[in-house]
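> got a sequence here, can you model it:
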Amino acid sequence: MTAAFAVALAFGLDAAFGEPPNVLHPVAWMGVAIARGRSWALRASRLGQFVRGAMVALGVPALAALVAHAISARTARVPVVGTIVTALALKPLFAVRALRDAAFDVRDALDANDLHGARIALASLCSRDAADLDEPALVAAAIESVAENTSDSVVAPLLYFACLGLPGAAFYRAANTVDAMMGYHGKLEWAGKVGARLDDALNVVPARVTALLFLAAGTITGAQVRRGFTTWWRDAGRTESPNAGHPMATMAGLLGVRLEKHGHYALGDETRLVSSVDITRAWRIAWVASVAAAVLAAALAAAVYP
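This is a model prediction of the structure:
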């Protein structure tokens with residue numbers, strides 16, 4: 001039951017305090033290591049970039065998992081201390097409150113008619129170039145990011161913790177961070193190829209579980225659940241990512257809006273124009289789904305680690 005209690009405690013710590021400062025944040029440490037590995041990989045030829053990028057994509061998550069395993073092994077024999085230490089180590093590997101704050105920064109800027117501020121705030125949610133985005137496009141991008149990050153930054157690490165313990169959550173978080181920092185086209189095409197494919201593989205199950213959790217959350221928040229399911233079924237495959245379309249399409253259907261990244265994809269039906277209030281509605285769904293994910297993770301952890 002230690003693992004189940006650790007999930008509950010970590011979720012409570014997130015709700016109460018949010019993210020630790022970068023100097024104490026394991027994901028920030030991962031980012032430093034990945035940035036150095038990225039620079040090292042880009043100094044090689046195309047083949048060298050691929051090989052070095054693969055070493056970074058596999059090496060950083062493996063190192064994170066080894067450190068997490070050492071923490072778990074050291075505290076396993078002292079249940080109370082083990083629960084607290086595990087919760088403290090797990091908390092930085094997922095982010096609920098930070099996701100809410102980032103989304104609401106975009107919403108609040110739009111409510112104040114501050115397009116420039118909203119564009120700057122969007123950078124905390126996604127890497128999309130927001131310089132030319134108008135208000136509907138900013139709202140859509142924020143909603144898409146809430147949906148995708150609920151999967152990547154909440155559901156996935158909690159599920160990996162439940163099934164594979166702290167090492168599993170650490171490995172996933174590091175691999176996802178590698179993809180976020182290196183999984184791009186252009187100059188990072190070859191260096192980031194293995195990291196991008198690894199992240200795709202790791203998110204196959206969490207992305208679809210997130211879509212299901214969104215549908216369940218929709219029944220509680222009064223969203224359009226039937227439309228959410230049909231939009232998920234119809235539009236999930238329209239994104240370049242094999243996984244991102246699942247939570248995003250489901251969210252579009254639940255809200256009854258069209259989420260579009262011009263030149264790339266369009267999810268859902270334009271029954272009305274999106275507005276800043278839809279960011280709040282999307283967050284309510286994401287919050288209920290996040291709570292459900294924590295409950296599911298705790299239950300799985302109790303079963304796997306009785």
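> and the residue found closest to residue 42 once you drop the neighbours it is linked to in the chain, what are its phi and psi?
Leaving aside its chain neighbours, residue 42 sits nearest to residue 191 (5.8 Å; criterion: Cβ to Cβ, 6 or more residues apart in numbering). C-betas here are computed from N, CA, C, even on glycine. Torsion angles at residue 191 (phi, psi; degrees, to the nearest 10) stand at phi -70, psi -30.
> where exactly do the strands run in the chain?
Along the chain, the segments classed as strands by DSSP state E run 259-261, 265-267.
> comparing those by mean pLDDT, which bottoms out?
When mean pLDDT is averaged over each of the strands of the chain, strand 259-261 scores lowest at a mean of 91.
> find the residue closest to residue 293 in space, skipping its chain neighbours.
residue 155 is the one closest to residue 293 (Cβ to Cβ, 6+ apart), at 4.5 Å.
> any idea of the mean pLDDT in the longest helix seen in the chain?
When the chain is parsed with DSSP state H, its longest helix is helix 46-75. Helix 46-75 carries an average pLDDT of 96.
> against which helices or strands is that helix packed?
helix 26-42, helix 79-90, helix 156-182, helix 193-202 (3 or more Cβ pairs under 8 Å, 6 or more residues apart in numbering; DSSP states H and E).
> any chance of these in a markdown table, with mean pLDDT and distance to residue 266 too?
Formatted as a markdown table, these follow (pLDDT from 0 to 100; distance: least, Cβ to Cβ, whole Å):
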| stretch | mean pLDDT | distance to residue 266 |
| --- | --- | --- |
| helix 26-42 | 96 | 32 |
| helix 79-90 | 93 | 37 |
| helix 156-182 | 97 | 24 |
| helix 193-202 | 97 | 22 |
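> and those helices: which comes nearest residue 292?
Closest approach to residue 292 among these (Cβ to Cβ): helix 156-182, 10.3 Å.
> which helices and strands does the closest one pack with?
Checking 3+ Cβ pairs under 8 Å, 6+ apart, helix 156-182 ends up next to helix 2-17, helix 26-42, helix 46-75, helix 79-90, helix 193-202, helix 204-221, helix 277-304.
> would you turn those helices into TSV with mean neighbour count and distance to residue 101?
Below are the helices and strands packed on helix 156-182 laid out as TSV (neighbours: other Cβ atoms under 10 Å; distance: least, Cβ to Cβ, whole Å):
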stretch	mean neighbour count	distance to residue 101
helix 2-17	19	11
helix 26-42	18	16
helix 46-75	18	25
helix 79-90	18	20
helix 193-202	20	24
helix 204-221	22	19
helix 277-304	21	10
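> closest to residue 186 out of those helices?
Across the helices and strands packed on helix 156-182, closest to residue 186 is helix 26-42 (Cβ to Cβ), at 11.1 Å.
> just put the helices and strands packed on helix 46-75 in TSV and tack on distance to residue 246.
Listed next are the helices and strands packed on helix 46-75 as TSV, based on distance: least, Cβ to Cβ, whole Å:
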stretch	distance to residue 246
helix 26-42	24
helix 79-90	24
helix 156-182	12
helix 193-202	12
